[in-house]
Structures are given as C-alpha cells and as structure tokens.
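Student: next input, structure requested:
(one chain, ligands or ions: 1)
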Amino acid sequence: ALRCSVAPKAQKSSQRSQYCLNPQASYKLAVLGAAGGIGQPLALLIKMSPLVSALHLYDIANVKGVAADLSHCNTPSQVLDFTGAAELPNSLKGVDVVVIPAGVPRKPGMTRDDLFNINASIVKTLVEAVADNCPDAFIHIISNPVNSTVPIAAEVLKKKGVYDPKKLFGVTTLDVVRANTFVAEKKNLKLIDVDVPVVGGHAGMTILPLLSKTKPSVSFTDEEVQELTVRIQNAGTEVVEAKAGAGSATLSMAYAAARFVESSLRALDGDADVYECSFVQSDLTELPFFASRVKLGRKGVEAIISSDLQGLTEYEQKALEALKPELKASIEKGIAFAQKQP
Ligand code: NAI
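Tutor: Numbers count the residues shown, from 1 in each chain. Predicted coordinates for the structure are as follows:
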C-alpha cells in the first residue's frame, strides 16, 4: 500500500510525478532550536511525515516537555530530546537532515542583520557539531540573517574539511509561500496552482519574486508588480509588527520549513521531480551564494535552474542588479566573521 504524505508539499509542475512514497519510514531528522517559536510547530509537522523514523529535538532549554508531548502522537517517528551542549553530538549521530532554527528573532524596528552578532556564533557552534557528527547530512539553515549565516556555515564546514556545497541550504521557502499566497489572492487564482520563483537572498530588497515567471502564466500591471514585490519583501516585517515584540513569523515559517524538509526527504527517497527555491552556493550570478530554484536529488542540489534568470522584465532586471551590493556585503560579512574565528 502507498501512503500519502501529510506534511505540506511543494507545488508540482504540470507534469505528474511518477514517484510514490516508500511505505517505510526511514529518515532521521534533527531540529536544533526545537523548543522555540519555529522549532515547536516545525517538530509537530515533521512528526506527521510518514518518511521520518526518528526525530531528534535539541535545544539549550525546555525541550524535554516538547518531546514528551509530541511523542504521544501516534505517527511512526520516535521522538528523542537532547538538552545543552553536552548532548548536542548525540542529537546528530546518524541524522540525514539537520534543520537549524536556533537563535533570536527580530523585534519591531530591527533588520535581520541586527541579529548577526548573536546568531552568527550560534550557527557557527551548531554547524561545527554537524561537521563532527553527521557531515553527510543535508543542512537547512533558518536562523537569520540567512544571507550571512549560510556563508558562515560554509566556512565552518570548509575548515572542518567536510564542505559539500550541494548539501547546504538557506531556507527561503517562506518567501515562495508568501509570494504564492499574495499572488493567488490578488489575481483570484486557485492557491494550489500558483508557483512564483523567488531569487536573490532572504532580507528586504534582496528578496526578488520573479512575478513574470509565475505559473500559471498571469499578467500584472506595473502597479501590481510594484505592490506585490514590496509586500513579499516586507512580509516578515508585517508579522514582526503585528506581533509587537513577541517575535517574528513562526507558524508560516514552520509550514514553509516542513515543506522544504518534505521535499528533501522525497529527493533522498528517489523522487526525480523535486524543485524548491533555496539560498545555495551558486554560479548563476557573480555572487558566491544566490537563491534560486534548484533541483533536489539524493546527493542534494542536482542542478541550479538558470532559466528563471533569462528573459526577465526590465523591472526584475533592475531589481536584480540593485540587490547585488547588499547581498554581496552580507555574504562577505558572514565569511569574514567565520574566518576570524579560532
Ligand atoms: P525563538 O526565540 O522563539 O526560538 C529560538 C530557539 O533557539 C529557542 O528555543 C532558544 O532556546 C534556541 N537557542 C538559542 N541558542 C541556541 C543554541 N546555541 N543552540 C540551540 N538552540 C538555541 O525564535 P524563532 O521565532 O523560533 O526564530 C528562530 C530564528 O529563525 C531567528 O533567527 C529568526 O530570525 C529566524 N527566522 C527565519 C526565517 C526564514 O525565512 N529563514 C523566518 C522567520 C524566522
């Protein structure tokens, strides 16, 4: 018997996939920062996946209760809790995918870069442990500023001699999820059909939705393009302001991260038709890292989809050139931080 996946799935292209889920739950996942605002609902969504056999929840505090609670759900995965640095290595042994939402979120008035000083060190420490304990795992970085934390992770992995650029991902799925939702609302489209590639990075104007590449094909006025682009770029801030000091996006982020996890697991499981946007090492532009659609396979990024950057509108082309200096600076800030660490 075949099972259907319960966790949110990536939008499919028009062709139907030949892939059927393997009925055996067999993948091990670790969530680092699992007791947080994103970590908890993300752990719940991952617990619902029929592909997961073990779910390791790591945090510096409060993770025992989260694990006890989740472990009562009658889905296949075994839930284990790990608290504090001493238990970090064991949380990572034998793990196929590591998801990292550890760190502080924004408060009103803050940019993602304002989180750099705290989150850079957290990501560095956690990725060192990943390098030592599960160097072959897919690594999903959620902690902001993603534009800098992914380059930090790459440098840490290089220092440890285990960097595989195909397996390091900055999670930008929420930008795609938001773009799909806002475009469907604006143009009265069926949500499930809408897919907007979002490229660049994951902060403010570095987030570039390619509305001209929306599927199904749809036309926008110049005003609509401007309004939608700005709304997608500022959607995180919309949530930060609405939460008024209580944090940033957690539920929609957990939904988006679960979709990216599910896509990674399907790719690991042999589905040959898995595409997601992600911030990865890339040769699409002159920048060393860039978010775009990528094809996922058993070994990670199988191909970077370059066609999305061809035939851009004038608006998109200008926005692409305009975002490069900021993205470049954020990448360099991450690399410089990692290189000056012992
Ligand atoms: P939160 O403060 O609710 O949770 C963070 C968790 O990380 C806490 O449980 C905390 O104990 C834990 N933590 C702190 N230091 C740690 C360490 N050294 N090791 C392990 N765990 C540690 O924050 P929230 O809302 O869950 O956000 C987490 C991160 O995700 C933030 O950096 C935020 O900016 C980012 N984020 C990224 C998005 C994206 O699209 N990539 C979207 C929304 C948030």
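Student: show me what residue of this structure gets nearest to the ligand.
Tutor: For the chain, the residue positioned closest to the ligand under C-beta to the nearest ligand atom is G36, at a distance of 2.1 Å. Glycine gets a C-beta too; all of them are placed from N, C-alpha and C.
Student: give me the mean pLDDT for the longest helix anywhere in the chain.
Tutor: Of all the segments of type helix in the chain, defined by DSSP state H, the longest one is helix 314-340. Here the mean pLDDT over helix 314-340 is 98, rounded to a whole number.
Student: quick one: the strands in the stretch 151-300 of the chain?
Tutor: Applying DSSP state E, counting those that start in this stretch to the stretch 151-300 of the chain gives strands spanning 168-170, 198-200, 207-209, 274-281, 289-297, 300-304.
Student: about what we covered before: list the contacts of the residue of the chain closest to the ligand.
Tutor: Counting by C-beta atoms under 8 Å, 6 or more residues apart in numbering, G36 makes contact with 59, 101-102, 250.
Student: tell me how far stretch 294-307 lies from the chain's centre.
Tutor: In terms of C-alpha atoms, centre = their mean, to the nearest Å, the gap separating the centre of stretch 294-307 from the centre of its chain is 15 Å.
Student: begin at 52 from now on, thanks
Tutor: I'll keep to 52 as the first residue from here, and by that count the last item is stretch 345-358.
Student: name the residues of that stretch that come out as buried.
Tutor: Of the residues in stretch 345-358, 345, 347-348, 351-352, 355 count as buried by neighbour count, 16 or more other C-beta atoms under 10 Å.
Student: check stretch 329-343 too.
Tutor: By 16+ other C-beta under 10 Å, the buried positions in stretch 329-343 come out as 329-333, 335-336, 338, 340-343.
Student: and if you look at stretch 98-116?
Tutor: Neighbour-count burial for stretch 98-116, counted by 16+ other C-beta under 10 Å, picks out 98-110, 114.
Student: from those residues, which land in helices?
Tutor: Judged by DSSP H, the buried residues of stretch 98-116 include 98, 114 as members of helices.
Student: okay, the buried residues of stretch 98-116 in JSON lines with pLDDT next?
Tutor: Putting the buried residues of stretch 98-116 into JSON lines (pLDDT from 0 to 100) gives the following:
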{"residue": "K98", "pLDDT": "98"}
{"residue": "M99", "pLDDT": "96"}
{"residue": "S100", "pLDDT": "94"}
{"residue": "P101", "pLDDT": "92"}
{"residue": "L102", "pLDDT": "94"}
{"residue": "V103", "pLDDT": "96"}
{"residue": "S104", "pLDDT": "96"}
{"residue": "A105", "pLDDT": "97"}
{"residue": "L106", "pLDDT": "98"}
{"residue": "H107", "pLDDT": "98"}
{"residue": "L108", "pLDDT": "98"}
{"residue": "Y109", "pLDDT": "98"}
{"residue": "D110", "pLDDT": "98"}
{"residue": "V114", "pLDDT": "98"}
